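> structure, please.
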Amino acid sequence: MKIKKVTKAIFPVAGMGTRFLPATKSIPKEIMTLVDRPLIQYAIDEARAAGIKEFIFVTARGKSALEDYFDHSPELENTLRKAGKTDLLEILKDTNMDSGAIAYVRQNRALGLGHAVWCAQRLVGNEPFAVLLPDDVIAAEKPCLQQMMEAYAETGGNMVAAMEVSPAKASSYGVLDIDEDMGSVVRAKGMVEKPKPGEAPSNLAVIGRYILTPKVMSNLNKMKQGAGGEIQLTDAIAEETNDGSVYGFRFVGQRYDCGSKAGFLQATVAFALSRPDLRDEFSTYLHDMIALQKAAQ
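Sure thing, here's the model as predicted:
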């Protein structure tokens with residue numbers, strides 16, 4: 001059976017970002033920047049590298065700045081052009097989306113990630129689709145979703161990005177119940193959302209990258225409430241494990257949880273140190289700060 005190519009991706013961005021208040025009182029969390037690029041740009045660039053052509057944003061009230069970010073800014077572009085700042089004009093190209101490539105749907109009630117994905121069902125239609133959570137930023141030589149697309153071309157079905165976590169942290173994730181371990185790819189016989197301490201079926205946790213079949217949308221139509229009283233995406237995916245069509249993928253890369261302050265700061269340091277134009281000055285500063293702290297102790 002020929003495996004259908006994935007060209008559509010859903011970006012759930014309706015959350016209020018309360019963990020980053022007061023900053024998120026006036027700006028969407030997804031616009032907050034790692035070095036000089038907003039979180040959402042990292043997700044978009046990753047999707048583009050994986051061959052995604054249609055970008056679907058599930059938004060909510062107060063997200064207009066997110067929509068404006070991907071629009072052309074003629075006044076800014078003309079000013080840069082007149083000043084001869086071609087390098088900055090080139091940078092702006094990555095922020096512009098072609099007409100018709102991006103669509104927005106509203107989630108008017110916060111009923112969980114599964115519900116947010118379901119809101120995009122009419123735009124997805126009867127096609128496989130990807131889901132990217134901008135909070136999960138993954139530093140990798142080959143973008144995570146691109147790695148998954150290559151594996152998906154061999155397996156088909158549903159695929160979730162997975163990473164190993166300590167037993168103490170498993171209760172914060174959806175966790176795979178593994179049927180067959182094939183190395184970078186595992187076949188799942190079940191998925192448990194936020195298992196109780198000591199009850200996780202494995203140490204392989206699901207993080208925010210998914211390639212899913214239309215059947216998952218059909219499962220979400222049932223609007224079943226799961227952990228936390230919300231409609232969980234993992235529950236809808238787990239229903240497909242009965243026919244062996246759910247796979248976990250151990251990606252190569254470093255994931256940062258930018259939905260937390262600590263994770264956001266860790267990502268900022270890591271991405272700054274990876275930049276040739278910032279590395280030397282920034283690493284010297286960090287070294288000096290650590291030396292001062294040790295001296296103060």
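
> and the strand or helix carrying Val137, what's buried?
Assigned by DSSP states H and E, Val137 belongs to strand 136-139. Of all the residues in strand 136-139, those buried under the rule 16 or more other CB atoms under 10 Å are 136-139. Every residue, glycine included, has its C-beta placed from N, CA and C.

> of the residues you listed, closest to Lys189?
Lys189 lies nearest to Asp136 out of these, by CB to CB, at 24.5 Å.

> for the closest residue to the closest one other than its chain neighbours, give me its contacts.
If the residues on either side of it in the chain are set aside, Asp136 comes closest to Gly208, at 3.6 Å by CB to CB, 6 or more residues apart in numbering. By CB atoms under 8 Å, 6 or more residues apart in numbering, the contact set of Gly208 is 131-136, 161.

> Ala43 reaches Ala130, doesn't it?
No. Contact criterion CB atoms under 8 Å: Ala43 and Ala130 do not qualify, at 10.4 Å.

> mind listing the helices for the stretch 151-297 of the chain?
For the stretch 151-297 of the chain, the helices defined by DSSP state H, counting those that start in this stretch occupy 214-220, 233-238, 261-273, 279-296.

> out of the ones you listed, deepest packed?
Mean neighbour count, computed with mean count of other CB atoms under 10 Å, is highest for helix 233-238 among the helices of the stretch 151-297 of the chain, reaching a mean of 25.

> now that one: how far from the chain's centre is it?
17 Å (CA atoms, centre = their mean, to the nearest Å).

> check which element follows the least confident helix or strand in the chain by mean pLDDT along the chain.
Lowest mean confidence among the helices and strands of the chain (mean pLDDT, DSSP states H and E): helix 64-69, at a mean of 81. Proceeding C-terminally, helix 64-69 gives way to helix 74-82 as the next helix or strand, assigned by DSSP H and E.

> what residues are up against the residue nearest to the spatial centre of the chain?
Nearest residue to the geometric centre of the chain (CA atoms, centre = their mean): Leu133, 2.5 Å. Applying CB under 8 Å, 6+ apart, we find Leu133 in contact with 11-12, 43, 113, 207-209.

> pLDDT value on Arg37, please?
Arg37 carries a pLDDT value of 91.

> tabulate the contacts of Gly208 (JSON lines), appending distance to Lys5.
As requested, these are exported to JSON lines (distance: CB to CB, whole Å):
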{"residue": "Val131", "distance to Lys5": "16"}
{"residue": "Leu132", "distance to Lys5": "17"}
{"residue": "Leu133", "distance to Lys5": "22"}
{"residue": "Pro134", "distance to Lys5": "23"}
{"residue": "Asp135", "distance to Lys5": "27"}
{"residue": "Asp136", "distance to Lys5": "23"}
{"residue": "Ala161", "distance to Lys5": "19"}
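
> okay, now Pro12: neighbour count?
26 (other CB atoms under 10 Å).

> partners of it in the sheet?
Val58 (DSSP bridges).

> cool, thanks, signing off.
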